[in-house]
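[1] whatever this is, show me its structure:
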Amino acid sequence: GDAAAVRTLARSGLDVFAHNVETVERLQPMVRDRRASYAQSLAVLRRAKEFGNCDGRRVYTKTSIMLGLGETAEEVLRTMRDLREADVDVLTFGQYLRPTERHLAVVEYVTPEQFDYFRREGEAMGFRYVASGPLVRSSYKAGELFLAAMMDEDDERDAEQQQQQQAAAAEAAARAEAERSEAAAREATRSAEERAAQEQARAAQVAAAEAAKEEAARAAAPLRTTQAEQSSTRSAIEQALSQARSDAAAARVREATAGSEAERARSEAEQARSEAERARLEFEAARAREQEARGRKEAASAEAGA
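    Prediction:
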């Protein structure tokens, strides 16, 4: 039952780890050496499987039971279930035969039908192989041949599974690469669309700015016209004022020299003042138009800037 010894043996490169429980739990003290026990044998078989199945290797576990020592069918079935829980692969049943008078006597000679019954039950429980018969021994030759065939079959199945796993891994890698390529293509397409949208936005901004400039130019045109009119009006006013001053001077001269001419001069002076007033009103109207045009220009400039 030494776990370290079991580990050493299970990892030594063997294919089948054999350890016999010999009989049912109740009969262990009478049949086996006192240093062995039912629980210990189950632990050895369980550890052998755990220690041996590593680094891609597989170890098969095998045990044997002697029948005819006084065990009951239910005890045998319970022992079989315990062995399956320990993950034992191969189980053999044989008839106990008394070697000498000093050994235990045979309690029962089990019938072939009973041996066949235990074989069927073992196969139903999931044992990989069950050899059950009166003359079967733990070194049953047919069982050894079957084990060799079973191991070859398992090796072939493992190789096939490994190939399938490799193929599945290659397919998964190819699928992942295709997905990455598709994602990269989508990203490239999205980037191109974003760049195109940005170019369109910039073109729209340039077009809007040009349109605003044209609108500002159209708004400034009336202002330039108003400024020309204002200049012409100022010139006319200055001419009118100059003429009025000249007329007033002439009137004063005529008034001094001739009384009859004074009245006419005053009338002309009054007319000149009326004309000057009309010119002033026109000048104020031109200034109002100039301020209105400047307001429209400022509004157009503000809109172009937005």
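[2] please count neighbours and contacts with C-alpha atoms only from this point.
    Will do.
[3] now do stretch 65-77: distance to the chain's middle.
    In terms of Cα atoms, centre = their mean, to the nearest Å, the centre of stretch 65-77 is set 59 Å apart from its chain centre.
[4] model confidence over that stretch, on average?
    Averaged over stretch 65-77, pLDDT sits at 98.
[5] Provide the contact partners of it at residue level.
    Applying Cα atoms under 8 Å, 6 or more residues apart in numbering, the contact partners of stretch 65-77 are 20-25, 27, 91-96, 105-110, 118, 121.
[6] number of residues surrounding Asp55?
    7 (other Cα atoms under 10 Å).
[7] what sits closest to Asp15 if chain neighbours are left out?
    Distance criterion Cα to Cα, 6 or more residues apart in numbering; nearest residue to Asp15, sequence neighbours excluded, is Val59 at 5.2 Å.
[8] give me phi/psi at that neighbour?
    Main-chain torsions, Val59, degrees, to the nearest 10: phi -120, psi 130.
[9] before we move on, what about Phe93?
    Main-chain torsions, Phe93, degrees, to the nearest 10: phi -120, psi 130.
[10] ok, the residue nearest to it when sequence neighbours are not counted - contacts?
    Nearest in space to Phe93, with sequence neighbours left out and distances taken as Cα to Cα, 6+ apart, is Ser132 at 4.5 Å. Applying Cα under 8 Å, 6+ apart to Ser132 gives the contacts 92-94, 115-116, 118-119.
[11] if we use 10 Å, what do you get?
    Applying Cα atoms under 10 Å, 6 or more residues apart in numbering, we find Ser132 in contact with 64-65, 91-95, 112, 114-120, 122.
[12] return the members of the residues you listed classed as buried.
    Buried by 16 or more other Cα atoms under 10 Å: 64-65, 91-95, 115-116, 118-119, 122, out of the contacts of Ser132.
[13] ok, the residues you listed vs Gln162, which is closest?
    Nearest to Gln162 out of these is Leu91 (Cα to Cα; 28.7 Å).
[14] many thanks, have a good one.
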